[in-house]
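1. Provided below are the primary sequence and the corresponding predicted coordinates.
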Amino acid sequence: QVQLVESGGGSVQAGSSLRLSCAPSRRTFNRYAMGWFRQAPGKEREFVATITWTGESTYYADSVKGRFTISRDNPTNTVYLQMDSLKPEDTAVYFCAAAYGLGPHYGEDEYEYWGQGTQVTVSS
């Protein structure tokens, strides 16, 4: 079974930075667009960012635009989410996901593979 494995979460103060990483346990995702979603306590999972499989285009939710940066390194099959100027409202479990095709993909139902999530907690 293919798994996406996230890492890099943690507890930080507001204004700090974190970098999340996501890599598959098996197979390559070189022809998959990749995305990051998050789910805060008591809320539905929401789109955060996505990157096309070529890595040429990126798209962000308005709430993170200008603070988060998604990138990918196809030779190592790793996707990153650089999160700067973190706010308490960024506290959530962050999931990476893979969707076949160039992208962009914004909806959860477009993604075939999901990670288990990594917790990000931002205190004020």
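-> Now that the structure is in, tell me what you want to look at. All values reported here derive from a predicted model rather than from experimental measurement.
2. element containing Ser71, please.
-> Assigned by DSSP states H and E, Ser71 belongs to strand 68-73.
3. following that strand, which helix or strand shows up next?
-> Downstream of strand 68-73, the first helix or strand assigned by DSSP H and E is strand 78-83.
4. pull the contacting residues for the residue nearest the centre of the chain.
-> Most central in the chain under CA atoms, centre = their mean is Trp36, positioned 2.4 Å from the mean C-alpha point. Neighbour list for Trp36: Leu20, Cys22, Val48, Ala49, Thr50, Ile70, Val79, Leu81, Tyr94, Phe95, Cys96, Ala97 [criterion: CB atoms under 8 Å, 6 or more residues apart in numbering]. All C-beta spots, glycine's among them, are computed from the backbone N, C-alpha and C.
5. among those residues, which ones are in strands?
-> Leu20, Cys22, Val48, Ala49, Thr50, Ile70, Val79, Leu81, Tyr94, Phe95, Cys96, Ala97 (DSSP state E).
6. so the first one touches Leu86, yeah?
-> Right, Leu20. No. When contacts are counted by CB atoms under 8 Å, Leu20 is not listed as touching Leu86 (11.6 Å).
7. shared neighbours, these two?
-> Common neighbours of Leu20 and Leu86 (CB under 8 Å, 6+ apart) are Val120.
8. mind listing what the residue lying closest to Glu110 once chain neighbours are set aside touches?
-> Nearest residue to Glu110, sequence neighbours excluded (CB to CB, 6 or more residues apart in numbering): Ala99, at 4.8 Å. By CB under 8 Å, 6+ apart, Ala99 lies in contact with Tyr32, Ala33, Met34, Gly35, His105, Glu110, Tyr111, Glu112.
9. are any of those residues buried, and if so which?
-> Tyr32, Ala33, Met34, Gly35, His105, Glu110, Tyr111 (16 or more other CB atoms under 10 Å).
10. and the last one, what pLDDT?
-> Turning to Tyr111, the model gives it a pLDDT of 95.
11. need the contact list for it.
-> Gly35, Ala97, Ala98, Ala99, His105.
12. the third one now?
-> Applying CB under 8 Å, 6+ apart, one finds that Met34 lies in contact with Cys22, Thr50, Ile51, Trp53, Ile70, Arg72, Val79, Cys96, Ala97, Ala98, Ala99.
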